[in-house]
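Colleague: no sequence for this one, just the structure:
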Ligand SMILES: Nc1ncnc2c1ncn2[C@@H]1O[C@H](COP(=O)(O)OP(=O)(O)O)[C@@H](O)[C@H]1O
Ligand SMILES: CC(=O)OP(=O)(O)O
Ligand SMILES: [Mg+2]
């Protein structure tokens with residue numbers, strides 16, 4: 001029997017796993033995901049062939065690692081999922097790692113690559129640590145299966161120097177890897193391929209403004225198939241950072257979190273960098289949320305985990321915020337903040353792309369599901385020639401409809417599109433392309 005590829009996507013509020021046949025191109029076998037990890041109770045969605053099933057989970061799953069273990073056990077034990085009953089049925093495990101430092105391509109995990117990734121895992125506190133916990137688990141429990149890591153940041157290696165460089169001392173910047181990196185690149189790669197195909201254009205001649213808006217949100221300007229700018233930023237990657245501070249015998253690196261750009265479920269997005277020192281004079285201290293393995297400053301904890309929708313409204317679930325009749329003023333404010341920030345980036349990227357765009361694309365949990373957010377944004381961008389077919393927008397995409405056109409009329413002007421992104425497929429696709 002053909003072996004399988006398991007793709008794992010540990011996001012900030014969800015863990016998604018997909019099984020595919022290890023052949024080129026890979027064929028889907030099953031999909032399982034747990035969402036709402038930050039807004040309990042967690043919810044399971046399970047899909048296999050025509051069967052789809054949703055349930056609330058009773059067990060306490062508070063971390064992506066818990067969710068991964070639960071999903072793997074559940075899939076291996078499902079008598080109807082005969083293709084994958086144990087690790088023996090797996091050829092590869094593809095892991096989404098948000099921050100890949102200077103890696104431009106996927107890498108196979110061995111002692112060297114694993115330790116290299118481990119050296120900067122506490123620099124993306126909501127992501128790299130959890131993803132590497134899952135890699136660690138796989139190395140220990142499924143040692144015969146080859147693990148391949150794919151990086152969000154890799155897609156953005158084309159960002160030009162003036163865009164990725166901060167106006168700070170360049171010796172310090174270079175020594176500490178202080179530059180713009182960028183996220184959601186696996187998703188942007190899937191979206192570019194899918195949208196170019198949908199528009200019948202070669203990917204390397206396609207210009208897009210793409211929003212990946214989920215629990216973490218970013219926006220990307222794609223010119224001739226390459227990322228030329230993105231809002232979500234990991235500012236640093238430093239193995240031997242000179243910016244080390246000693247606190248109660250623990251050393252941490254400062255200011256190294258994926259915060260910039262759009263706000264998210266628990267993240268602040270763009271702020272004046274000095275704000276946090278006015279917020280608390282404890283900002284530079286080690287946060288009580290730190291563990292032996294992961295060190296996080298109070299500043300990082302506040303801006304990564306205690307901000308965003310949660311701080312403004314008490315919920316991390318944007319479906320409670322994006323409603324026509326918001327329950328509180330705070331919900332309305334959170335919605336308006338999000339709209340304001342996204343519109344600012346669309347205007348910025350429209351100029352950077354010289355007004356030559358094939359389309360504006362909505363993706364990610366919020367982008368794919370919130371008709372209200374799409375309508376509000378497109379209405380605000382009418383001056384760029386965007387126009388929405390309200391009925392198509394309200395209906396949204398069908399299951400399995402990768403790209404849906406929401407544009408009004410078939411005429412000129414940029415298309416307004418939804419792309420149901422699939423980071424798990426993108427990883428399996430590239431894994432199979434180069435290895436099967
Ligand atoms: N109908 C909806 N309207 C608005 N937001 C939604 C809707 N359904 C889900 N969401 C939001 O999508 C987000 C999850 O996005 P997703 O991209 O799947 O997750 P992650 O960021 O963990 O990868 C959550 O904030 C959730 O509230
Ligand atoms: C980078 C990031 O925020 O990822 P996610 O949206 O999957 O949490
Ligand atoms: Mg995600």
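Modeller: Alright, I've got the coordinates. In this text the structure is predicted, and so the values were computed from the model without any measurement. Ligands and ions are numbered 1, 2, ... in the order given.
Colleague: could you use CA atoms for every contact and neighbour count after this?
Modeller: Fine.
Colleague: residues of the stretch 1-150 of the chain that sit close to ligand 1?
Modeller: Counting by C-alpha under 6 Å from any ligand atom, the stretch 1-150 of the chain comes close to ligand 1 at 11, 12, 13, 14.
Colleague: my guess is the second one meets residue 215, correct?
Modeller: In this case it means residue 12. Yes - applying C-alpha atoms under 8 Å, one finds residue 12 in contact with residue 215, separated by 6.4 Å.
Colleague: quick one: which of these two has more around it?
Modeller: Remark: of residue 12 and residue 215, residue 215 carries more neighbours, 25 against 22, as counted by other C-alpha atoms under 10 Å.
Colleague: follow-up on the earlier one: just the residues of the stretch 1-150 of the chain next to ligand 1: which are in helices?
Modeller: When those are checked against helices (DSSP state H), there are no matches.
Colleague: kindly reformat those as JSON lines containing distance to residue 150 and pLDDT.
Modeller: Output for these, formatted as JSON lines (distance: C-alpha to C-alpha, whole Å; pLDDT from 0 to 100):
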{"residue": "11", "distance to residue 150": "13", "pLDDT": "77"}
{"residue": "12", "distance to residue 150": "17", "pLDDT": "70"}
{"residue": "13", "distance to residue 150": "19", "pLDDT": "79"}
{"residue": "14", "distance to residue 150": "18", "pLDDT": "87"}
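Colleague: where along the stretch 251-400 of the chain do the strands fall?
Modeller: With DSSP state E, counting those that start in this stretch applied, the stretch 251-400 of the chain shows strands at 359-363, listed in chain order.
Colleague: circling back: distance to residue 32 for the residues of the stretch 1-150 of the chain next to ligand 1 - can I get that in a markdown table?
Modeller: Listed next are these as a markdown table, based on distance: C-alpha to C-alpha, whole Å:
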| residue | distance to residue 32 |
| --- | --- |
| 11 | 14 |
| 12 | 16 |
| 13 | 14 |
| 14 | 11 |
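Colleague: can you pick the most crowded of the residues you listed?
Modeller: Highest neighbour count within those: residue 13, with 24 neighbours (other C-alpha under 10 Å).
Colleague: so it makes contact with residue 36?
Modeller: Yes - in this structure, residue 13 is within contact of residue 36 by C-alpha under 8 Å, at 5.7 Å.
Colleague: what count of nearby residues applies to residue 373?
Modeller: So residue 373, with other C-alpha under 10 Å, has 22 neighbours.
Colleague: what's the per-residue pLDDT of it here?
Modeller: Looking at residue 373, its pLDDT reads 98.
Colleague: ok, it touching residue 319?
Modeller: No - using C-alpha under 8 Å, residue 373 is not in contact with residue 319; the gap is 10.2 Å.
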